[in-house]
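Peer 1: The sequence and its predicted three-dimensional model are supplied below.
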Amino acid sequence: MKGNYTFTIIKPTAVRKQKTGQILADIIAGGFRIVAMKQIRLQEHEAQEFYRVHRDKSFYQQLVDFMTSGPIVVAVLEKENAVEEYRKLIGSTDPDQALMGTIRAKYAESLRHNAVHGSDSDENARLEAKFFFSQREIFDGLEFSSLAWDEKKSKNKAPA
Ligand code: CMP
């Protein structure tokens with residue numbers, strides 16, 4: 001069964017251009033519930049760690065420089081089949097390929113400055129959410145979220 005959570009970043013250019021509100025409105029209109037959110041600025045070593053999967057790519061240092069260039073908004077989103085549904089809402093990584101009406105088509109400037117990030121799998125959604133949030137920052141209504149925080153508890157509701 002597909003998971004109900006995904007993780008997103010509103011990237012520095014979109015935050016700097018005051019697009020946070022419009023992007024969040026699109027996310028909510030797309031049927032997602034925000035179960036965790038904050039605005040932060042990544043430090044160099046944090047960006048290097050978060051993007052380590054890309055460390056051998058030619059664009060790695062530019063990616064780290066960009067993602068540390070200003071505040072970002074990070075959030076955990078809930079919807080049935082969240083990862084796939086969110087990737088549909090944001091569109092292709094390259095905004096030139098993104099379908100009209102998608103978040104990247106509306107707010108991205110380029111492949112590098114592509115407005116938002118969305119997790120590409122349930123496992124990465126869990127790892128990425130865990131990278132940025134403690135369990136007590138994630139809420140499912142008034143309760144702590146059922147988003148699995150460690151592998152052993154992954155099938156259970158987190159303790160309140
Ligand atoms: P995202 O999927 O959020 O995280 C990795 C980012 O690397 C991706 O968004 C793009 O913004 C960026 N990226 C991917 N491929 C390239 C590329 N060929 N050149 C520059 N940036 C890229």
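Peer 2: Everything's here; your move.

Peer 1: which residues does the one residue in the chain that gets nearest to the ligand form a beta bridge with?
Peer 2: At 3.2 Å from the ligand, residue 117 is the closest residue in the chain, using C-beta to the nearest ligand atom. From N, CA and C alone the C-beta is placed, and that goes for glycine too. For residue 117, the beta-bridge partners are residue 9 (DSSP bridges).

Peer 1: OK, contacts around it?
Peer 2: 7, 8, 9, 11 (C-beta atoms under 8 Å, 6 or more residues apart in numbering).

Peer 1: now residue 103
Peer 2: 23, 26, 27, 89, 90, 91, 115, 116.

Peer 1: just the helices in the protein please.
Peer 2: Along the chain, counting by DSSP state H, helices occupy 12-16, 20-29, 44-50, 60-67, 82-90, 103-107, 122-132.

Peer 1: pLDDT on the second one, on average?
Peer 2: Within the predicted structure, the mean pLDDT of helix 20-29 is 98.

Peer 1: Likewise for the last one?
Peer 2: Helix 122-132 comes out with an average pLDDT of 93.

Peer 1: could you give the angle of it to helix 82-90?
Peer 2: Here helix 122-132 points in a direction 80 degrees away from that of helix 82-90 (axes from the mean of the first three to the mean of the last three C-alpha atoms, to 10 degrees).

Peer 1: Is the ligand within reach of helix 122-132?
Peer 2: No - shown here: helix 122-132 not in contact with the ligand (C-beta under 6 Å from any ligand atom), separated by at least 10.1 Å.
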